[in-house]
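Novice: Model the structure of this input:
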Amino acid sequence: MTSAWTDRVIRFLIILFFLILAFVFPGFLYSQSHSVPKGARCAECGMIIDQNSRFASEVVTKDAKDLLFCDIGDMLVHIKSYAEKTKNIYVRDYSTGVWIDGRKALYVLNKEIVTPMSWGIAAFQEEKAARQFGTPVDFDRAFTLLK
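Specialist: The predicted structure follows:
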């Protein structure tokens with residue numbers, strides 16, 4: 001009888017541990033690869049994504065699917081159609097190449113920046129860096145850059 005009770009307590013503690021993780025770190029339950037696997041294709045246009053591209057982006061859906069994009073413009077087009085299914089968004093900082101939260105990023109439209117699908121949109125973590133390339137806008141206004 002003691003071992004059955006011990007098994008129940010252990011199961012309860014394991015479940016409690018994962019519930020606490022999910023509450024404290026909501027992103028824990030969702031994949032956050034922040035890398036582009038070799039041969040990955042853009043979820044919007046189907047083009048193979050350059051693993052080192054500073055325009056690659058990732059959307060994690062509410063049902064925990066990772067969608068990768070070759071260009072920030074393609075990602076924005078996709079989100080515009082499927083906003084209600086979007087959980088997390090990640091983009092690469094144009095200046096550093098580091099993955100950042102797409103909702104906290106600043107976006108700049110500059111047609112002199114050559115992007116995979118010619119959208120000319122770059123993401124930045126720092127406003128000072130973004131201003132070197134144009135007028136930065138926040139995530140909500142980034143959709144206005146789609147032209």
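Novice: Apart from its neighbours in sequence, what residue is nearest the residue most central in space within the chain?
Specialist: Nearest to the geometric centre of the chain sits residue 90, at 2.1 Å (CA atoms, centre = their mean). Once flanking residues are discounted, residue 90 sits nearest to residue 58: 4.4 Å by CB to CB, 6 or more residues apart in numbering. Glycine gets a C-beta too; all of them are placed from N, C-alpha and C.
Novice: Give me the helices and strands touching the one helix or strand the one you found maps to, please.
Specialist: Under the criterion of DSSP states H and E, residue 58 resides in strand 57-61. Strand 57-61 sits against strand 66-69, helix 72-82, strand 86-92, with contacts defined as 3 or more CB pairs under 8 Å, 6 or more residues apart in numbering; DSSP states H and E.
Novice: The residue nearest to the centre of the chain bridge partners, please.
Specialist: Beta-bridge partners recorded for residue 90 (DSSP bridges): residue 58, residue 101.
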